[in-house]
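Enquirer: missing the sequence, but the structure's below:
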């Protein structure tokens, strides 16, 4: 396997400790794969649960920069008779030759760098969604996985469903005719995070290490943990938090394996004023050639319906008479009807143009557990075994990023002026009208509340760069803070 030279390390990969670049040990048929979990104040607890109970796996280390979170989880394992090493610095985990693979559920801004460092350290990795914080670093992670022949799974768990591939195959076989538009949606009420000026830092936490690649700015929100999702330096809003799952399925439905050639966004952080920066209400338009991919985020509580019931039939909350599973899902509109892919364990439903059920897709349970699928690939040393190999998750994550760049480069406009901009696109105009209805139900005075009309951006999917837009291309990557630098050469 290719190895980094000292010059390579100094040029970009420095700061991660003195990694072993030797290949992973050759596993015997009955040997345990030794796993460490990095970051577990939320989703990471599922990692701990999975790998502490999985046959053929030995959970050997935990790492979290918050010592209170770390000690609580180490103690819980100890009560079960599971002894693990405890680290607050992830570089010590990557240094450890007794660890074969790592999983991580840190904040988004760390995801790609941890994955790249793991590759360089000869370790496989399971990386939560989104697999990156910017477009460029996600591609760098894919390159690292290829160069070092590492097994890197992204945390887009829908790829391990049995219902979804069955339904998509049926749809793409032409059973509902031509796809006209695919919409992913995330309708999850999010409360304001407050105005604080400066929050309290958890005791004993190394804030420099928590910030890592991001700027080490003073904490200007009440809660360090979780609310980082709504701050641009560390999070990607709810589109990159929950919505990445539905964005991934929507792209899967279309069968496109590159980023969209054109994107724009409409929305804003509306209905309250707080320390958050990312939109809580947003419509994103990815202009793919087969059909548009629309993504909707609605973070205010009132009226979390799928779409306008005057078009869809049914009632405001449940237009199809099926469980909503929290207001997340994907709807593929076709010439002959619609395919509705909701979250949770509900069946997926195909309906005709009158809303009558044509077929339900119940699957036979999960094709395999998403974590177990990664472990199988690690053991067999086959990237093709992965259900969500990092390239897939990179592309879906990057669709969130290009949409957010459009928003960040946008201009505030009145609703009337935005309508003038999109009047020739019936789909965009329809979704904007529905967004306005949602905002009015939440008491937003649209006459006196400007929204952000995002920049209309052209994109080269082959180069993964915007076309003739220097400002947008600056946001394809970021300025990394030494020594937490994503290497330009991997």
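Expert: On my side now, so go ahead. If you're wondering where the values come from, they're calculated on a predicted model, not measured in any experiment. Residues are numbered from 1 along each chain as shown.

Enquirer: Going by C-alpha atoms from here, please, whenever you check contacts or count neighbours.
Expert: Noted.

Enquirer: Can you pull out the low-pLDDT segments for the stretch 351-490 of the chain?
Expert: Residues of the stretch 351-490 of the chain meeting the criterion pLDDT under 70: 364-368.

Enquirer: what about the strands in it?
Expert: Using DSSP state E, counting those that start in this stretch, the strands of the stretch 351-490 of the chain run over 357-361, 411-413, 451-453, 457-460, 465-466.

Enquirer: Out of these, which is closest to residue 373?
Expert: strand 357-361 (22.1 Å; C-alpha to C-alpha).

Enquirer: for that closest one, which positions count as buried?
Expert: Judged by neighbour count using 16 or more other C-alpha atoms under 10 Å, the buried positions of strand 357-361 are 360, 361.

Enquirer: So what touches it?
Expert: Here strand 357-361 makes contact (C-alpha atoms under 8 Å, 6 or more residues apart in numbering) with 163, 164, 166, 167, 347, 348, 349, 350, 351, 352.

Enquirer: could you redo the last one with a cut-off of 7 Å?
Expert: 163, 167, 347, 348, 349, 350, 351, 352 (C-alpha atoms under 7 Å, 6 or more residues apart in numbering).

Enquirer: ok so, going back, of the strands of the stretch 351-490 of the chain, flag the one that's most buried.
Expert: Stretch with highest mean neighbour count among those: strand 451-453 (a mean of 24; mean count of other C-alpha atoms under 10 Å).

Enquirer: now the strands of the stretch 351-490 of the chain in JSON lines, with distance to residue 94?
Expert: Formatted as JSON lines, those follow (distance: least, C-alpha to C-alpha, whole Å):
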{"stretch": "strand 357-361", "distance to residue 94": "42"}
{"stretch": "strand 411-413", "distance to residue 94": "44"}
{"stretch": "strand 451-453", "distance to residue 94": "42"}
{"stretch": "strand 457-460", "distance to residue 94": "35"}
{"stretch": "strand 465-466", "distance to residue 94": "32"}
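
Enquirer: Which one of those strands lies nearest to residue 332?
Expert: strand 357-361 (14.3 Å).

Enquirer: still on that earlier bit, among the contacts of strand 357-361, which are located in helices?
Expert: 163, 167 (DSSP state H).

Enquirer: ok, and the most crowded of the contacts of strand 357-361?
Expert: residue 350 (27 neighbours; other C-alpha atoms under 10 Å).

Enquirer: how many other residues sit next to residue 95?
Expert: That count, for residue 95 with other C-alpha under 10 Å as the rule, works out to 17.

Enquirer: If you drop the residues flanking it in sequence, what lies closest to residue 143?
Expert: Counting by C-alpha to C-alpha, 6 or more residues apart in numbering, residue 490 is the residue found nearest to residue 143 once chain neighbours are left out, at 6.8 Å.

Enquirer: how about the contacts of strand 357-361, which pair is most distant?
Expert: 163 and 352 (19.2 Å).

Enquirer: which residues does the residue nearest to residue 143 contact?
Expert: 140, 143, 144.

Enquirer: would you turn the residues you listed into TSV with pLDDT and distance to residue 212?
Expert: Formatted as TSV, the contacts of residue 490 follow (pLDDT from 0 to 100; distance: C-alpha to C-alpha, whole Å):
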residue	pLDDT	distance to residue 212
140	98	17
143	98	21
144	98	20
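
Enquirer: Pick the one among the residues you listed closest to residue 207.
Expert: residue 140 (25.5 Å).

Enquirer: what about the closest one, helix or strand, and which?
Expert: helix 135-148 (DSSP states H and E).

Enquirer: what residues are up against residue 103?
Expert: 36, 37, 38, 125, 126, 127.

Enquirer: what bridges to the first one?
Expert: Note on residue 36: beta-bridge partners residue 61, residue 102, judged by DSSP bridges.

Enquirer: That one contacts residue 59, correct?
Expert: Yes. Counting by C-alpha atoms under 7 Å, residue 59 is a contact partner of residue 36 at 6.0 Å.

Enquirer: So what's the residue count around the closest residue to residue 409 other than its chain neighbours?
Expert: Nearest residue to residue 409, sequence neighbours excluded (C-alpha to C-alpha, 6+ apart): residue 455, at 5.7 Å. If you count neighbours by other C-alpha under 10 Å, residue 455 ends up with 19.

Enquirer: Verify the stated contact: residue 455 with residue 406.
Expert: Yes. Contact criterion C-alpha under 7 Å: residue 455 and residue 406 qualify, at 4.8 Å.

Enquirer: What helix or strand is the residue nearest to the spatial centre of the chain located in?
Expert: Compute the mean C-alpha point of the chain, and by C-alpha atoms, centre = their mean the closest residue is residue 130, 2.7 Å away. Counting by DSSP H and E, no helix or strand carries residue 130.

Enquirer: show me what contacts it?
Expert: So residue 130 contacts 108, 240, 244, 397 (C-alpha under 7 Å, 6+ apart).

Enquirer: and if you look at residue 371?
Expert: Residue 371 neighbours (C-alpha under 7 Å, 6+ apart): none.

Enquirer: Show the contacting residues for residue 200.
Expert: Residue 200 touches residue 222, counting by C-alpha under 7 Å, 6+ apart.

Enquirer: ok, residues contacting the longest helix anywhere in the chain?
Expert: Counting by DSSP H, the longest helix found in the chain is helix 390-408. Contact with helix 390-408 is made by 130-132, 134-135, 138-139, 142, 152-154, 156, 239-240, 244, 247-248, 258-259, 263-266, 284, 452-457, 472, 475, as judged by C-alpha under 7 Å, 6+ apart.

Enquirer: Flag every buried residue along that helix.
Expert: Result for helix 390-408 [16+ other C-alpha under 10 Å]: buried residues 390-408.

Enquirer: That helix: how far from the chain's middle?
Expert: Remark: helix 390-408 is offset 8 Å from the chain centroid, using C-alpha atoms, centre = their mean, to the nearest Å.

Enquirer: now that helix against helix 135-148, angle please.
Expert: For helix 390-408 against helix 135-148, the angle by axes from the mean of the first three to the mean of the last three C-alpha atoms, to 10 degrees is 170 degrees.

Enquirer: Can you convert the contacts of residue 103 into TSV and add a column each for pLDDT?
Expert: Below are the contacts of residue 103 laid out as TSV (pLDDT from 0 to 100):
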residue	pLDDT
36	98
37	98
38	98
125	98
126	98
127	98
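
Enquirer: By neighbours, which of these wins?
Expert: residue 125 (30 neighbours).
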